[in-house]
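Novice: Turn this into a structure:
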Amino acid sequence: MRQRSRRRIMHATVELVDQRGYAGTTLGDIAERAGLARGLLSYYFDGKRLLMQSATHRMMHKALSSALGELAPGASAEARLARAIDTVLGLAVEHPRVMRSHLALILDPDTGAFVQDPEQRRLGAILQELLRDWGAPDPVAEHAVLRSALMGGCIGVLLPGAELPLAPVRADLFRRYDLDWRLGVPPQPLPPERERPTARG
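Specialist: Residues are numbered from 1 along each chain as shown. From the prediction side, this is the model:
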């Protein structure tokens, strides 16, 4: 029951922030959408900011697990890493309000810090396994680099008034990890031209 209630709350949070934005969504709205008493939100989550981060991490974890599950058995490490990068960048395109709110909360020193909750740890474990299979000498350290690069890529795609097209952001990440542009879900047939060294040890 506890886990089901937490999942309902996080799902309701993503739905409402997608529709109304973070500022336009109250804890009362979330409780009503989840079909739970308002007081239960405080029992499960210590405030709206932590709930938002957990809900976004769950959305990312679920999307990544689903995308990797769609690959053929025995898919290469490169194909799996490419799909992971595309999935996270794709969330910035598909859920811009959620991802903007998540990044803004992380980057604002007055609201707290990056939350390493169970959903974030699940997401991190998947990415570390992908990097280990890909051949990263230190998957834990490389995960921190990949996480930062993905956050930066999402910011580039989402930055109001100065949004970057998805293709150059994706190309930058694919070059770093020496991935063929045709892997994953490319946004256009050919990558934009640019040279950058790769990160494989």
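Novice: neighbours around residue 79, how many?
Specialist: Neighbours of residue 79 under the rule other CB atoms under 10 Å: 18. (Each C-beta comes from the backbone N, C-alpha and C, glycine too.)
Novice: try residue 50
Specialist: By other CB under 10 Å, neighbour count at residue 50 equals 16.
Novice: Is it correct that it is in contact with residue 116?
Specialist: No - the criterion here is CB atoms under 8 Å, and residue 50 misses it with residue 116 at 11.3 Å.
Novice: Confidence-wise, which helix or strand of the protein is lowest on average?
Specialist: Lowest on mean pLDDT, DSSP states H and E among the helices and strands of the chain sits helix 38-44, with a mean of 87.
Novice: what distance separates that one from the centre of its chain?
Specialist: In terms of CA atoms, centre = their mean, to the nearest Å, the centre of helix 38-44 is found 25 Å from the chain centre.
Novice: Extract the C-alpha set from it and format it as CSV.
Specialist: The C-alpha coordinates for helix 38-44 follow below in CSV (Å, rounded to 0.1, in the frame of the first residue of the first chain):
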residue,chain,number,x,y,z
ARG,A,38,-3.7,15.9,1.7
GLY,A,39,-2.0,14.9,4.9
LEU,A,40,-0.6,11.7,3.4
LEU,A,41,1.6,13.7,1.0
SER,A,42,3.5,15.1,4.0
TYR,A,43,3.8,11.6,5.4
TYR,A,44,5.5,10.3,2.2
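Novice: mind listing what's buried in it?
Specialist: For helix 38-44, the neighbour count (16 or more other CB atoms under 10 Å) marks 41, 44 as buried.
Novice: Could you list every helix and strand in contact with that helix?
Specialist: Under the contact definition 3 or more CB pairs under 8 Å, 6 or more residues apart in numbering; DSSP states H and E, helix 38-44 sits against helix 2-20, helix 27-34.
Novice: what element comes up after that helix heading to the C-terminus?
Specialist: Going down the chain from helix 38-44, the next helix or strand is helix 48-69, by DSSP states H and E.
Novice: Name the surrounding residues that touch the next helix or strand along the chain from that next one.
Specialist: Counting by DSSP H and E, the next helix or strand C-terminal to helix 48-69 is helix 77-94. Identification of contacts with helix 77-94 by CB atoms under 8 Å, 6 or more residues apart in numbering yields 59-60, 63-64, 67-68, 70-71, 98-99, 126-127, 130-131, 133-135, 150, 153-154, 157-158, 166, 169-170, 173-174, 177-180, 183-185.
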